[in-house]
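Colleague: Using only what follows, build the 3D model:
(chains A and B)
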Amino acid sequence: MSPESLSQIFLSAALANNFVLAMFLGLCPFLGVSARMNTAFPMGLASAFVMLVASLCAFGLNLLLTQFHLEFLRLIAYIVVIASAVQLVEMILKKHSPALFRALGIYLPLITTNCAVLGVALFQTAREYSFLQSLSFSLGAGAGFTLALVLMASMRERLQLSEVPGVVQGTALSLMLAGLLSMAFMGFAGLGA
Amino acid sequence: MKDLSQAKNFDEFLEGIWRQNPVFVMVLGMCPALAVTVSAVNALAMGFATTFVLVCSCLLVSLMRKLVPKEVRIATYIVIIATFVTVVDYIIQAVSLELYEALGAFIQLIVVNCIILGRAEAHASKHPPLTAITNALGMGIGFTIGLFALGGVREILGAGKFFGVSLFGANFQPWVVMVLPPGGFFVLGAWLLLFAVIRRRKEVRLSTSGGGHVA
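Modeller: Residues are numbered from 1 along each chain as shown, chains lettered A, B, ... in the order given. Down below sits the predicted model:
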């Protein structure tokens, strides 16, 4: 088991080792949906929720797999569980909160291929976190992902109002922005492990 | 007839390397592209691992394209990809433990690399095996070249080395930020910028010379 405290794990996953800006996980949605605030925030929350569910499932699954010495099946099992978790979340949302379901739309099924979700499951296994530690880790990762998405969206919304040379526009500029944001997040180094 | 099919195959191959380069044109598979490219060796290893998974999964997907029901195709593709990634994971662990530790969880994260699922869905599921392999190989090599371009630049600027060989002597002050996370974003941004400038120049030249293009 890892000796880190719960708050340390949370802060580390959310800020110092931010999933998007320091560990390069989940870049596709980060660049894809961060153009506007009203898609970025719900996407962040939905991903955070799937991370939480996937992390809990992965914890139970890992116990089961180690019990039967089937570690080589871990990757396949995780990805299947994540895909089903996303499907489940989709069905529950559709039944109980159709408004939120419509707001999220196409982004919901796309969470399956978000590497931040699989990343949470893989990292918590590799670091041998306990149940509570895994919980704190996935909550921190989700919070960090949402934070990065919201920050980036607000920067890009402002950018649309400013004059930018034509050549730079598009992905190149978004990447430069992400670089600056990532540099700012390096200031958190030392918070957490 | 044979010449024609050969030319077409070659075109499929080139598509991934240049016209549809996964890193620089489609901007897919960003996560491993930025995370592991702190040195040229890591970049090459990651590129080859991804190419292997890409070619094998596209072959299998293409062979099974008539057997898999439409409703469960994505799930099937992911399981196929995950199987080959597990194989690569164990191979790298057996061949070089040092490399395995440097690449870390990103070998297993090849599963969710959008290039592979994208190729399986958009190309391999609609074409016969030979065409699918050719296209996958081109994409894989294009991805490797992209990673190498990132990793090489970051290693030279950030550590003053290339393939671990020191380039500038003892007085060189390494530009450390380039091997840290922000450097990944900056270098990729700079490459994209370079390509945008080249494309812009070409467009301007075509429109002023007046040849070829009709507006």
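Colleague: following whichever strand or helix holds A:Leu45, which helix or strand comes up?
Modeller: Following DSSP states H and E, one finds A:Leu45 within helix A:37-67. Read in the C-terminal direction, the helix or strand following helix A:37-67 is helix A:74-96, with elements assigned using DSSP H and E.
Colleague: Quick one: mean pLDDT over that following helix.
Modeller: Regarding helix A:74-96, the rounded mean pLDDT is 84.
Colleague: Contact partners for the residue nearest to the spatial centre of chain B?
Modeller: Centroid-nearest residue in chain B, with Cα atoms, centre = their mean: B:Phe143, separated by 1.7 Å. With contacts defined as Cβ atoms under 8 Å, 6 or more residues apart in numbering or on different chains, B:Phe143 is in contact with B:16, B:21-23, B:29, B:33, B:47, B:50-51, B:54, B:115. (C-beta placed from N, C-alpha, C; glycine too.)
Colleague: ok, 10 Å please
Modeller: Counting by Cβ atoms under 10 Å, 6 or more residues apart in numbering or on different chains, B:Phe143 touches B:16-17, B:21-23, B:26, B:28-29, B:32-33, B:46-48, B:50-51, B:54, B:113, B:115-116.
Colleague: mind showing which ranges of the chain have poor pLDDT?
Modeller: Using chain A. Of all residues in chain A, those with pLDDT under 70 make up the ranges A:1-2, A:103-106, A:192-193.
Colleague: wrong chain, I was asking about chain B
Modeller: Applying pLDDT under 70 to chain B picks out residues B:1-5, B:210-215.
Colleague: Just the helices from it, written as ranges.
Modeller: The residue ranges that make up the helices of chain B, judged by DSSP state H, are B:2-14, B:30-35, B:40-63, B:73-95, B:97-103, B:114-122, B:129-159, B:181-209.
Colleague: Would you tell me which one of the ones you listed is buried the most?
Modeller: Here the criterion is mean neighbour count by mean count of other Cβ atoms under 10 Å in any protein chain shown, and of the helices of chain B the winner is helix B:30-35, at a mean of 26.
Colleague: Report the backbone C-alpha coordinates of that one in PDB.
Modeller: Taking C-alpha atoms only, helix B:30-35 is exported to PDB below (Å, rounded to 0.1, in the frame of the first residue of the first chain):
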ATOM      1  CA  MET B  30      -1.700  13.500 -28.900                       C
ATOM      2  CA  CYS B  31      -1.400  12.000 -25.400                       C
ATOM      3  CA  PRO B  32       1.400   9.500 -26.100                       C
ATOM      4  CA  ALA B  33       2.900  11.900 -28.700                       C
ATOM      5  CA  LEU B  34       3.600  14.600 -26.100                       C
ATOM      6  CA  ALA B  35       4.100  12.500 -23.000                       C
END
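Colleague: What is that helix packed up against?
Modeller: Helix B:30-35 is packed against helix A:27-32, helix A:115-126, helix A:171-185, helix B:40-63, helix B:114-122, helix B:129-159, helix B:181-209, with contacts defined by 3 or more Cβ pairs under 10 Å, 6 or more residues apart in numbering or on different chains; DSSP states H and E.
Colleague: 8 Å - rerun?
Modeller: Packing contacts for helix B:30-35, counted by 3 or more Cβ pairs under 8 Å, 6 or more residues apart in numbering or on different chains; DSSP states H and E, involve helix A:27-32, helix B:129-159, helix B:181-209.
Colleague: can you list the residues that contact that helix?
Modeller: Residues from elsewhere that reach helix B:30-35, judged by Cβ under 8 Å, 6+ apart: A:23-28, A:31, A:115, B:23, B:46, B:50, B:106, B:109-110, B:112-113, B:143, B:146-147, B:150, B:181, B:184-185, B:188.
Colleague: Quick check: residues of chain A near chain B?
Modeller: Near chain B, the residues belonging to chain A are A:21-28, A:31, A:72, A:75-76, A:79-80, A:83, A:112-115, A:118-119, A:122-123, A:126, A:166-168, A:170-173, A:175-176, A:178-180, A:182-183, A:186 when assessed by Cβ under 8 Å from any Cβ of the partner chain.
Colleague: want to throw the helices and strands packed on helix B:30-35 into TSV with distance to B:Leu67?
Modeller: Supplementary listing: these in TSV, determined by distance: least, Cβ to Cβ, whole Å:
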stretch	distance to B:Leu67
helix A:27-32	30
helix B:129-159	13
helix B:181-209	39
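Colleague: which one of those lies closest to A:His96?
Modeller: helix A:27-32 (24.0 Å; Cβ to Cβ).
Colleague: Tell me who's in contact with B:Val153.
Modeller: Contacts were defined as Cβ under 8 Å, 6+ apart; by that measure B:Val153 touches B:178, B:187, B:191.
Colleague: Repeat that for A:Ile111.
Modeller: If a contact means Cβ under 8 Å, 6+ apart, then A:Ile111 has A:29, A:46-47, A:50, A:86, A:117 as its contacts.
Colleague: gap between stretch A:157-175 and the chain center?
Modeller: 25 Å (Cα atoms, centre = their mean, to the nearest Å).
Colleague: my bad, should have said stretch A:51-60
Modeller: With Cα atoms, centre = their mean as the basis, stretch A:51-60 stands 13 Å off its chain's centre.
Colleague: Residues contacting that stretch from elsewhere in the structure, which ones?
Modeller: Applying Cβ under 8 Å, 6+ apart, the contact partners of stretch A:51-60 are A:78, A:81-82, A:85, A:88-89, A:116-118, A:120-121, A:124-125, A:131, A:134-135, A:137-139, A:141-142, A:145.
Colleague: Please convert the buried members of these into PyMOL selection syntax.
Modeller: Applying 16 or more other Cβ atoms under 10 Å in any protein chain shown to the contacts of stretch A:51-60 leaves a buried subset, and the PyMOL line that selects it is:
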select buried, chain A and resi 78+81+82+85+89+116+117+118+120+121+124+125+134+135+137+138+139+141+142+145
